[in-house]
Structure formats: C-alpha cells, structure tokens
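In: Sharing a sequence plus its predicted fold:
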Amino acid sequence: MKNKGAKKQRPHGEKRTMENRLPEECAGQSRTLAMAAIAAGFLAGFLILYFQPLNDIFEKHVRSEMATFINWYPATFAFYNRLSGISLVAFSFAALIYVLYGKQAIDSFLESHYRRVLLVLLGGIGIVAFFVCYNKFFHLDEIEHIHSAWYIKKGYIPYRDFFEHHNPLFWFSLLPVLYLGGDSVNTILLARLFMGCVMLGSVYCAYLIAAAVSKSKETGLLAAALLFSTTLFIEKAIEIRPDGLQVLFGMISLYCLIRFIQSRDTTYIFYTGLSVALSFLFLQKAVFLVIAYAVIGAYGFFKREISVKSALCFSGGLLLPLLLFWAYLHMTGSWRDYFLTNWQLNWHHLGARAITAKPFKAITAALSSNLLLVFAAIAVVYILLKQKFN
C-alpha cells in the first residue's frame, strides 16, 4: 500500500536544476542591469560631449571667481565638458570590458602589466593637468607674484621699495620667465608652464620617497598616481605661487633624510638641511618642517642615534642659505621692512580670514573634493586592522 503521508520524491537531476536556477537568474539579471548601466554611461558621455550641458552649471558656481577673466569662460567650460564626457565614456568602456571578459582576465592582465598601467595612468593625468594649466582661471595672488618679480626685474628691492609679506626666492626664480615672455600675457602662460614642471617634480619626489621607504618601484608609481589624482594638489600646484616650490624642496629634504637614515651618508643629511632652508626661502610655512626636524634631531641626538658630525652637517646645510639671505637683507637695507611685513604683520593678522592657522576647514574642503582618497584611506585602515586581528 502507498503511504498517503509520504512526500513525493523529485528526480535528483530536477532537484539540482531548481537549486541552481535562482543564482543563474540573479546572475543574468545583474548582467542585464550592468549592460544597461554601461549603455546609459556611453549615452550620457556622448551627450555631454555633443551638447555641452555643463556650461550653465559651472558658470553659475564660479562666475564670481572668474569675473576678472571672462574671456576664459568658453575654454574653461569646454574643457570641463570634454573631461566629464570622456571620463564617462572611458569608465563605461572599462566596465564593458569587465563584464564581457570577466574578473579573472582583467586581474591577469593587470598583474602582468601593472607597471605599464600605472605609467599610462600617470601620463593621462599629466596631460589633463597641463590642460588645466592653460584653462584654469587666474587667481589675483598669481598676478601679485608676477608683479613682484617684475619689480625686481626693474631694479626694485623687495620690502624696501614695494610691499610684500612672502619670502623672496620665488620671485627671483620667475625672472627667467619674465625675460622670455617680456611685458605681455605670454609671461603669465609661461609662468603656468613653469609651475607645471614644478608640479611634475613634486610627483617625482613622491615616487622617490615611496619607493625608498617600501623598496618597491610599483609602490612608488602608485604613490605618484595617488598624489597626481588629487584635485587639491593639481588645482594649487599649477598656480603661480611660492607654495609649489616650497613643497618641492620640502619633499627633496624629506627624501634626503630617508636616504641618510638608510645609508648613514652625511652628504644626504647636508642636503636635507640645504633643501629645507631653500624651502623656507620660498615660503615661511616651511618653518613647521624645520621645527619637526629639530624635534627629530634632538630625539636622535639624545638616543645617540645621530652623531655630532651628522648634526653639524645638517646645521651647515640649513644655515648657509639663511646666512646669505640675512646678509642680502642687511646689504640692501631691507631687514627692518622684511621683519615687519613677513613676521609682525602676518602674526598680527593670524586668525583672520586670509591668514589662519586652523587647517580643519581647508582639510574638510580638500577631502570633500577627493572622496576617492577618503574611501581608499578607509580601505587601508580596514585591511590593516584585519591583518592585525587575524
């Protein structure tokens, strides 16, 4: 007799098919959605390239900053439209390759061509950065520094003959640009090109520092790509300001310090002091790096990890440019004016809107425009914590 309470048995093959059907259907739906998103990305990119709809949006947000250079509107907005459209198309194309060929093939390609991919990425970002050099609006501070260099070209003495509250080495470095460009708009464009080269120097220093610490060229290239893809870095590094050269020589100083720690060659510690002194002569902000070096040096000397010879070499490299600058100020009779405008005046206005020692607002603005770095930092912290607890 048949047992009425017994459940009907399905064939083994049919049971396995029904178990696998749901994941297969989900995978098919995900692939369909991915292809639809890719098609939308391609379409949006081509529409932006063709109709250029971002003009009104960008003009609305930056009109006040670009009012002085209204003739630059078309070039600037056309650049942002092209950049946004090309980025959407490129991202959609990359997603299409990923969907069609799968993760395994992409991972295999990146593993075998990792360094070349990073070099291509750096080259692409470099091209974009130099486009920004010639399309970004000019800040009033940039005109100020070119004008100060022009004063020096005409024989005027900084601080004594005209007002300035920055250290002077940047204006002297702009003199070849002024002689090449003359009293024309070409000088401004050449100065932007000069700052673009300084920006590349900073990126190369980031590569050297990361490669020296990690003993890996790939890590150095990755560090350079991360720095080069930072919005705040490109935005400010191409501007005609002393900050770019101050950062460059500060990074050179840091690289020399790392090489000294690794090799104990006193030549490197001498160049550490020399570079940080030149960084200070470009801009007073380097004083914080000098203070950090003083703390590190005092700790190392106390622990007997830094010899007297090394300390003297660092001090010699640091004091040589500073003593020459002090002699220049006294020979030109501008020491009193320099101290008044560069230190007393800046200290008096510390905390004002233009001069502030509170970095939190600037850091928040920088991070909000570089969310990729925020997510990357979160991922790094997660990986480190996971490795620690596992």
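Out: Yep, that arrived. All values derive from a computational prediction rather than experimental measurement.

In: what about V380, neighbour count?
Out: Each residue near V380 was counted by other CB atoms under 10 Å, and the total is 10. For every residue, glycine as well, the C-beta is placed using N, CA and C.

In: pLDDT on the helix or strand containing it, on average?
Out: Counting by DSSP states H and E, the element that carries V380 is helix 371-389. In this model, helix 371-389 has a mean pLDDT of 76.

In: same question, stretch 262-275
Out: Taken as a whole, stretch 262-275 has an average pLDDT of 95.

In: Quick one: residues in contact with stretch 165-172.
Out: With CB atoms under 8 Å, 6 or more residues apart in numbering as the test, stretch 165-172 has contacts from 145, 148-149, 151-152, 158-159, 241-242, 245, 278, 280-284, 341-342, 345-346.

In: just to revisit the earlier point, what helices and strands are in contact with the helix holding V380?
Out: Applying 3 or more CB pairs under 8 Å, 6 or more residues apart in numbering; DSSP states H and E, one finds that helix 371-389 contacts no other helix or strand.

In: how about 10 Å then?
Out: If contacts are counted by 3 or more CB pairs under 10 Å, 6 or more residues apart in numbering; DSSP states H and E, helix 371-389 sits against helix 217-228, helix 231-237, helix 360-368.

In: The last one - what's its average pLDDT?
Out: Pointing back at helix 360-368 there. Within the predicted structure, the mean pLDDT of helix 360-368 is 65.

In: same thing with stretch 162-172?
Out: Model confidence over stretch 162-172, given as mean pLDDT, is 95.

In: again with stretch 312-321
Out: Looking at stretch 312-321 alone, the average pLDDT works out to 95.

In: in it, what counts as buried?
Out: Of the residues in stretch 312-321, those buried under the neighbour-count criterion (16 or more other CB atoms under 10 Å) are C313, F314, G317, L318, P321.

In: try stretch 248-262
Out: 248-261.

In: try stretch 234-246
Out: For stretch 234-246, a neighbour-count test (16+ other CB under 10 Å) marks I234, K236, A237, I238, E239, I240, R241, P242, D243, G244, L245, Q246 as buried.

In: ok, the second one - contacts?
Out: To tie it back to what came earlier, the one meant is K236. By CB atoms under 10 Å, 6 or more residues apart in numbering, the contact set of K236 is H139, M195, M199, T230, D243, G244, V247, A366.

In: Looking at those residues, which is nearest L122?
Out: Of all the contacts of K236, L122 sits closest to M199, with 12.2 Å by CB to CB.

In: which one is Y271 nearest to, not counting chain neighbours?
Out: If the residues on either side of it in the chain are set aside, Y271 comes closest to C256, at 4.4 Å by CB to CB, 6 or more residues apart in numbering.

In: how close does that neighbour sit to F249?
Out: According to CB to CB, to the nearest Å, C256 stands 10 Å off from F249.

In: now do I146
Out: I146 sits 21 Å away from F249, going by CB to CB.
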